[in-house]
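Peer 1: Everything below, folded, please.
(chains A and B)
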Amino acid sequence: MKLLTCPVNGPRNITEFQYLGPVRAASAEQPEQLIEALFYAENPLGVMREWWRHTPSNTVFIAERHTVSDQIAATYLPNRKPA
Amino acid sequence: MPFSLLKYGLRARHVAFRDIPLTPELKRSYDVVIIGGGGHGLAAAYYLSNVHGIRNIAVLEKGYLAGGNTARNTTTIRSNYMTEESIRFYKEGVEIFETMSQDLGFNVMFSQRGQLTLAHSEATLRSFHLRAEMGKHMGTRIEVVDVQTVKELCPHLNLDLGGQHEVMGGLWHADGGTARHDAVAWGYAKHASERGVQIHQRTEVTGFERAGDRVTHIKTNRGTIAAGQVLQAVGGLNGQVAAMAGIQLPIRCFPLQAMVTQPLKPFLHILVSSANLHTYLVQSSRGEVVIGGGSDPYQLASTRSTLDQKEHLAEGALHLFPFLHKVKLLRQWAGITDMTPDYSPIMGASPLQNYWLDCGWGTWGFKATPVAGKRMAETIATGRVPDVLKPFDLRRFDSFALLNEMGATAASH
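Peer 2: Take a look at the predicted model:
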């Protein structure tokens, strides 16, 4: 069982969470970035910032996770990144 | 062939031979450099050297020959896709498999036993009708079948009548089959190296030197080489290698997991797949039941299996064949799939003049090994993208000309 720490509810089984994809640099609201925002998602080998949702409590938050080792470095609510 | 075999058998002294030569020294320059020594790259090397007469070719493989996704796929060969463009392409691939063992003089154990995809809802049946009509229109053998026919095709299947996953019919694709993935790669590698293609194992590309919109040199861990044309076919690392050449690809990586059971007596004579259960099964010629279909739910570039996905696959398999409940698993693994937004591959030109792409093969690449190799070789040899490949161009994303094959992809996403 892999654990993910919800910023509100603490460590929970990862099956309680929904993956919402990488935090995107490109915005679909900027016409010149539309193609990139729709099709060219972040796909690094390394630490990636991504959106997750704790489904029972509907808590949407950000996780920093390494895409090769699958280690989760930090989780926090949006705009509340710890120093 | 039988006569030469007899002669060989009667000969007093047998000379040992290797199908695939040891890795030679790198030359300074090659007409064509193929990055990626998997099925696709080796097939392209075969067609370039045997059909188009280009022999100064290097195949660069980071690990060992055909040890990536060529060794990790579940060997399904089929052409039951949704769009005209895809069916035309994959049908050509199936046809090459039909004569491959004779063409290569190498037994790839192609077994055209047919593939059955199960429908557990009216909505799935409706999409099957669409796929069946498209397939018939394109000349493939495909039809929607009722429960009675499903029972005849696969007598041991749990139809779950009245249950949550009741089988309501199926999509029967008689052209579907399997082949031995290693043999496909080895057969191509053997005939390519006989024509002078150099296969460099343990040779990792570390960077590119560019002049304008051309790649001039490729840097590897064993030295730098000059390249006339470059083909990239590196499976799970396509995004990273393309980025080294300055090309962005619309690819996200997810591991796809699979496993095999201990060998059983033959009971499953077709390929069975259920999109609802995200599971597909095929019995190999050794009797092992190959179970596949589970993609991890989040982006990852690791080939470690996870218990969650393995449990999920076992659950699907047990639902379809409850009597497998005491069967032991022999092996389990995962491969990194390079998923595109529309579940179709990216083949053809790149933004660079002499750099060609054969990537975005996600969970559906093995069946296209021969046809992708053949058509990419034609592209490189003539400098022109053939019509059958044009719909798969990287620029389709800029013009929203997507080829949506999400529904026709057996694995779960």
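Peer 1: Chain A against chain B: which residues are in contact?
Peer 2: Applying CB under 8 Å from any CB of the partner chain, we find that chain A lies next to chain B at A:1-2, A:14-15, A:19, A:21-22, A:35, A:38-41, A:43, A:45, A:48, A:50, A:65, A:67-70. The way it works is simple: take the backbone N, C-alpha and C, and place the C-beta from them, glycine included.
Peer 1: Grab the most central residue of chain A for me.
Peer 2: residue A:50 (2.0 Å; CA atoms, centre = their mean).
Peer 1: List the contacts of that residue.
Peer 2: A:19-23, A:62-63, A:65, B:298-299 (CB atoms under 8 Å, 6 or more residues apart in numbering or on different chains).
Peer 1: let's go with 10 Å and repeat that
Peer 2: A:19-24, A:42, A:61-65, A:67, B:298-299 (CB atoms under 10 Å, 6 or more residues apart in numbering or on different chains).
Peer 1: ok so, going back, buried only: go through the residues of chain A next to chain B for me.
Peer 2: A:14, A:19, A:22, A:35, A:38-41, A:43, A:48, A:50, A:65, A:67, A:70 (16 or more other CB atoms under 10 Å in any protein chain shown).
Peer 1: Which residue, neighbours along the chain excluded, lies closest to residue 55?
Peer 2: Chain wasn't specified; assuming chain A. Leaving aside its sequence neighbours, residue A:55 sits nearest to residue A:18 (CB to CB, 6 or more residues apart in numbering or on different chains; 5.4 Å).
Peer 1: you looked at the wrong chain, it should be chain B
Peer 2: residue B:196 (4.0 Å).
Peer 1: Just the element for the one you found, please.
Peer 2: When secondary structure is defined by DSSP states H and E, residue B:196 falls outside every helix and strand.
Peer 1: now the strands: where do they sit in chain A?
Peer 2: Secondary structure of chain A (DSSP state E): strands located at A:3-6, A:10-13, A:17-22, A:47-54, A:59-66, A:72-76.
Peer 1: Checking residue B:43 next. Helix, strand or coil?
Peer 2: Three-state call for residue B:43 (DSSP: H, G, I helix; E, B strand; the rest coil): helix.
Peer 1: Could you pull out the helices in the stretch 201-350 of chain B for me?
Peer 2: B:238-244, B:307-320 (DSSP state H, counting those that start in this stretch).
Peer 1: show me the contacts for residue 30.
Peer 2: I'll assume chain A. A:36-37.
Peer 1: Chain B was what I was after
Peer 2: B:54-60, B:197-198, B:218, B:225-230.
Peer 1: do that again at 7 Å, thanks
Peer 2: Each residue near residue B:30 by CB atoms under 7 Å, 6 or more residues apart in numbering or on different chains is listed here: B:56-58, B:225, B:227-228.
Peer 1: Secondary structure class of it, three-state.
Peer 2: strand.
Peer 1: for chain A, what are the nearby residues on the stretch 51-200 of chain B?
Peer 2: On the criterion CB under 7 Å from any CB of the partner chain, chain A has no neighbours in the stretch 51-200 of chain B.
Peer 1: What are the structural domain limits within chain B?
Peer 2: With automatic domain parsing as the criterion, the domains of chain B are listed as B:23-73+B:182-250+B:342-408, B:112-176+B:252-339.
Peer 1: Give me the residues contacting stretch B:300-312.
Peer 2: A:15, A:45, A:67-68, A:70, B:236, B:253-255, B:257, B:259, B:278, B:294, B:296, B:332-336.
Peer 1: Drop anything exposed from those residues.
Peer 2: Looks like those have A:67, A:70, B:236, B:253-255, B:257, B:259, B:278, B:294, B:296, B:334-336 buried, using 16+ other CB under 10 Å.
Peer 1: and residue B:109, what element?
Peer 2: Going by DSSP H and E, residue B:109 is not in any helix or strand.
Peer 1: Check the burial of residue B:51 by counting its neighbours.
Peer 2: Each residue near residue B:51 was counted by other CB atoms under 10 Å in any protein chain shown, and the total is 13.
Peer 1: gap between the closest residue to it other than its chain neighbours and residue B:231?
Peer 2: With sequence-adjacent residues excluded and distances taken as CB to CB, 6+ apart, residue B:51 is closest to residue B:377, at 6.7 Å. According to CB to CB, to the nearest Å, residue B:377 stands 9 Å off from residue B:231.
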